[in-house]
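> No letters, just coordinates:
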């Protein structure tokens, strides 16, 4: 559950985004800048959280009046080595944040922290991750909540899509790239798994709202609508002319035990009654246009 610390929006003196070079972090920086909020984006160039003395470097940058967004991660975390690297990054941040306690801290987590059998998922669902990635986020949430004595919020997005996504995870981003390369869009089995997908811009808009209300607690960044990968693949395929081919391929392993995941979004609309998520089909159309724009300009 998310609770607001202020009755109306209050622009912080400065927003510091740790992990501003990443897909989500850079979008949050753009959102805050569009709101005319003074924003400092820290990328790996300015702050290497895996380097010795990173906590002291960060402490020298922060001010007690800052609102801090922590989104820096080695993601997706799939191995124990990556898990430990992420814990080390969080440890450096915790050291700095505990020394120079900011006015507000927002951690960008993941819905992977929830138990697989939580359906529908709510903010009150048990935190019981079954993956290394989920365990990483759950551990970092606990570290920040325990060791940084300030107003603290966690935003837990589900699967994120967007034109600038550097990852090639199974779903909209991979499907679009396959079609653009002129190869079939491949789905595992019949693509029957149903998942919720959220636009990165919506994640950033929610983050901004949490920041200006100095909110505390947890909130899921989810649309409440789950769609099968088969239907997503067909939607993406139809955006190309001629339409891309959607091809079923054998699964690389057994069918996932978490076949479907659904969310209850009541808490989000209680926290922000006027907020509306972009519908998946509209988002996929927009992302397709954004991906084509550089090519059109190059040949325009």
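Nice, I can see it. Small disclaimer: the values here were computed from a predicted structure and weren't measured.
> residue contacts, residue 161?
171, 172, 173, 197, 198, 199, 200, 283, 284, 287 (C-beta atoms under 8 Å, 6 or more residues apart in numbering). Every C-beta, even on glycine, is put in place using the N, C-alpha and C of the backbone.
> Correction: the previous question concerned residue 17.
Residue 17 neighbours (C-beta under 8 Å, 6+ apart): 25, 28, 29, 32, 39, 40, 41, 42, 68, 69, 71.
> same deal with residue 128?
Residue 128 makes contact with 114, 115, according to C-beta under 8 Å, 6+ apart.
> what are the ranges of the helices in the stretch 51-200 of the chain?
Secondary structure of the stretch 51-200 of the chain by DSSP state H, counting those that start in this stretch: the helices cover 54-61, 80-99, 132-147, 172-180, 200-212.
> Report the mean per-residue pLDDT for the fourth one.
By that I understand helix 172-180. The pLDDT scores in helix 172-180 average 94.
> hey, which of the helices of the stretch 51-200 of the chain is tucked in deepest?
Each of those was scored by mean neighbour count; the highest is helix 200-212, a mean of 23, by mean count of other C-beta atoms under 10 Å.
> ok, residue 228 - how many residues close by?
Neighbours of residue 228 under the rule other C-beta atoms under 10 Å: 16.
> Dihedrals phi and psi, residue 184?
With angles defined as degrees, to the nearest 10, residue 184 sits at phi -60, psi 150.
> what about it, how many neighbours?
With other C-beta under 10 Å as criterion, residue 184 counts 16.
> follow-up on the earlier one: show me the contacts of residue 161 that map onto strands.
Using DSSP state E, the subset of these located in strands is 197, 198, 199.
> pLDDT value on the first one, please?
This means residue 197. Per-residue pLDDT puts residue 197 at 97.
> wait, residue 67 sits on residue 15?
Yes. The criterion here is C-beta atoms under 8 Å, and residue 67 meets it with residue 15 at 4.9 Å.
> ok so, going back, so which of the helices of the stretch 51-200 of the chain gets nearest residue 232?
Closest of those to residue 232 is helix 172-180, at 5.7 Å (criterion: C-beta to C-beta).
> residues in contact with the closest one?
161-162, 165, 167-168, 184-186, 197, 232-233, 236-237, 239-240, 244, 284, 287-288, 291.
> same thing but at 7 Å, please
161, 165, 167-168, 184-186, 197, 232-233, 236-237, 240, 244, 284, 287-288, 291 (C-beta atoms under 7 Å, 6 or more residues apart in numbering).
> Point out where the protein drops to low pLDDT.
For the chain, the stretches with pLDDT under 70 are 257, 293-300.
> For the residue nearest to the spatial centre of it, list each beta-bridge partner.
By C-alpha atoms, centre = their mean, the chain has its centre lying nearest to residue 157, at 4.8 Å. According to DSSP bridges, the residues that bridge with residue 157 are residue 221.
> measure it to residue 96 for me?
Using C-beta to C-beta, to the nearest Å, residue 157 is found at 24 Å from residue 96.
> what's the closest of the contacts of residue 161 to residue 224?
For these, the nearest to residue 224 is residue 198 (10.0 Å; C-beta to C-beta).
> got a list of what that closest one touches?
Taking C-beta under 7 Å, 6+ apart, one finds 157, 158, 160, 221, 222, 223, 277 in contact with residue 198.
> Most neighbours of all those residues, which one?
Result: residue 221 is most packed of the contacts of residue 198 (other C-beta under 10 Å), 29 neighbours.
> Just give me the neighbour total for the nearest residue to residue 267 once chain neighbours are set aside.
Excluding the flanking residues, the one nearest residue 267 by C-beta to C-beta, 6 or more residues apart in numbering is residue 123, at 4.9 Å. Residue 123: 19 surrounding residues under other C-beta under 10 Å.
> and residue 123, how far is that from residue 271?
Distance of residue 123 to residue 271, given as C-beta to C-beta: 10 Å.
> again with residue 133
25 Å.
> And residue 218, by the same measure?
10 Å.
> Over to residue 99?
31 Å.
> With residue 161 instead?
For residue 161 relative to residue 271 (C-beta to C-beta), the value is 23 Å.
> before we move on, what about residue 235?
30 Å.
> again, but for residue 104
15 Å.
> Between these two, which is the more surrounded one?
Using other C-beta under 10 Å, the more surrounded residue of residue 104 and residue 271 is residue 104, with 23 against 20.
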